[in-house]
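Asker: Sequence plus predicted model, see below.
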Amino acid sequence: MNWLITGGCGFIGVNLVRRLLAEGGERVRVLDNLATGTREDLAQAAEFTEVPVARGDFGEGAELMVGDILDADTVMQAAAGADVVVHLAANAGVGPSVEDPRADCRTNVLGLLNVLEAARSAGAQRFVFASSGAPLGECEPPIHEEMAARPASPYGAGKLAGEGYCSAYFHSYGLETVALRFGNVYGPFSGRKSSVVAKFIRQAEAGETLEIYGDGGQTRDFIHVEDIVAAIMAAARCGGIGGELFQIATSRESSLLELVEELLPVLREAGIEDVNLAHGEVRPGDVRRNFSDTAKARERLGWEAKIALRDGLRGTVDWFSRAGDPARNS
């Protein structure tokens, strides 16, 4: 199939590209504005050819088009001929959305609308949207697909709008959209990520203190990127799921303090000793507890997370040790 991956130079994108090319026979086009991910990040995962933004047949293997999802014509040209569109491009994170809600809305809502329109015009067979648990806001977990959404941040509101547009495009136009609410993703190729696992590993490698917001009792559902990639591929290929929404996580609740307890022995194995911890202020918009019920994904997609937290952290620390942090060299 022909795959268009927006934001494909980012953390999840490069892992997805790598997996698709390893399977063989798939043609992959990445559309990325290089605001976060870079050519070098994509090159770490796969060989690719950079091509101009223009309508044309998908090339063999992987190709990169440099362009922005806020430019509707660019997205329309990039999507021409795509069988599957995986929409990963986004302004990521609660903090930036609180600081600049307009910028978050432009990218995460209007940008999404451009990609949906392009997929519809291209006659794509499937549209996979990367959402998160943020639309649900502060609620009693485990979170599931039938819970009422009450976003606690502009980021959550934007992702909720995206889910709504995906549903509307399925019911109004027949575009087979699938929205996936990811847990807290970690793993290899996350050198530029600002999320907690990548941040803690960077701080530990640099001999810095690991800063925990609040008392560390807040919980998350930490999922390895390989499990995320498997879920995306299942969502792209599974029949009869147009217009559906799925929680994609591990169904396990871990506090930040528990995460640190798992991470410290792994860091010691890598030769990083005497890691210091400190507690900072609670961030506005952060929810206290968050983990998912993934029964629907197991039943409808035939998918479930397989990588245990300690094993996933070990592989992630090993990647940082071998590849270094590209953000330091940019």
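Answerer: Ah, there it is. Residues are numbered from 1 along each chain as shown.
Asker: going forward, measure contacts and count neighbours with C-alpha atoms only.
Answerer: Will do.
Asker: so what's A230 up against?
Answerer: W303 (CA atoms under 8 Å, 6 or more residues apart in numbering).
Asker: List the buried residues in the helix or strand harbouring it.
Answerer: Taking DSSP states H and E as the definition, A230 sits inside helix 225-237. Within helix 225-237, the residues that qualify as buried are V225, E226, D227, I228, V229, A230, A231, I232, M233, A234, A235, A236, counting by 16 or more other CA atoms under 10 Å.
Asker: Any buried residues in stretch 13-32, and which?
Answerer: 13-21, 26-32.
Asker: same thing with stretch 274-288?
Answerer: Quick answer for stretch 274-288 (16+ other CA under 10 Å): V275, G285, D286, V287, R288.
Asker: Identify the farthest-apart pair in these.
Answerer: Maximum pairwise distance among the buried residues of stretch 274-288 (CA to CA): 28.0 Å, between V275 and G285.
Asker: Quick one: mean pLDDT over the helix holding A230.
Answerer: Averaging pLDDT along helix 225-237 gives 98.
Asker: Not counting its own residues, what contacts the helix or strand following that helix?
Answerer: Counting by DSSP H and E, the next helix or strand C-terminal to helix 225-237 is strand 244-248. Residues outside strand 244-248 that contact it (CA under 8 Å, 6+ apart) are 133, 144-145, 163, 167, 177-183, 228, 231, 292-294, 296-297.
Asker: Filter the residues you listed down to the ones in helices?
Answerer: E163, S167, I228, A231, K296 (DSSP state H).
Asker: Quick check: the first one touching F170?
Answerer: No: because the distance of 10.9 Å does not satisfy CA atoms under 8 Å, E163 is recorded as not touching F170.
Asker: quick one, which of these two is more surrounded?
Answerer: Neighbour count, other CA atoms under 10 Å: between E163 and F170, E163 has more, with 26 against 18.
Asker: Any idea how many residues pack against I248?
Answerer: 34.
Asker: Return the distance of it relative to A235.
Answerer: 11 Å (CA to CA, to the nearest Å).
Asker: what do you get for Y155?
Answerer: From Y155 to A235 the distance is 23 Å (CA to CA).
Asker: Check P141 too.
Answerer: From P141 over to A235 (counting by CA to CA), the distance is 24 Å.
Asker: pLDDT of stretch 99-118, averaged?
Answerer: 97.
Asker: who's in contact with G158?
Answerer: D104, C105, N108, V109, P135.
Asker: Please pick the buried ones from these.
Answerer: Applying 16+ other CA under 10 Å to the contacts of G158 flags D104, C105, N108, V109, P135 as buried.
Asker: can the residues you listed go into JSON lines with extra columns for secondary structure and distance to P52?
Answerer: Shown next, in JSON lines, are the buried ones among the contacts of G158 (DSSP: H, G, I helix; E, B strand; the rest coil; distance: CA to CA, whole Å):
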{"residue": "D104", "secondary structure": "helix", "distance to P52": "27"}
{"residue": "C105", "secondary structure": "helix", "distance to P52": "27"}
{"residue": "N108", "secondary structure": "helix", "distance to P52": "24"}
{"residue": "V109", "secondary structure": "helix", "distance to P52": "25"}
{"residue": "P135", "secondary structure": "helix", "distance to P52": "36"}
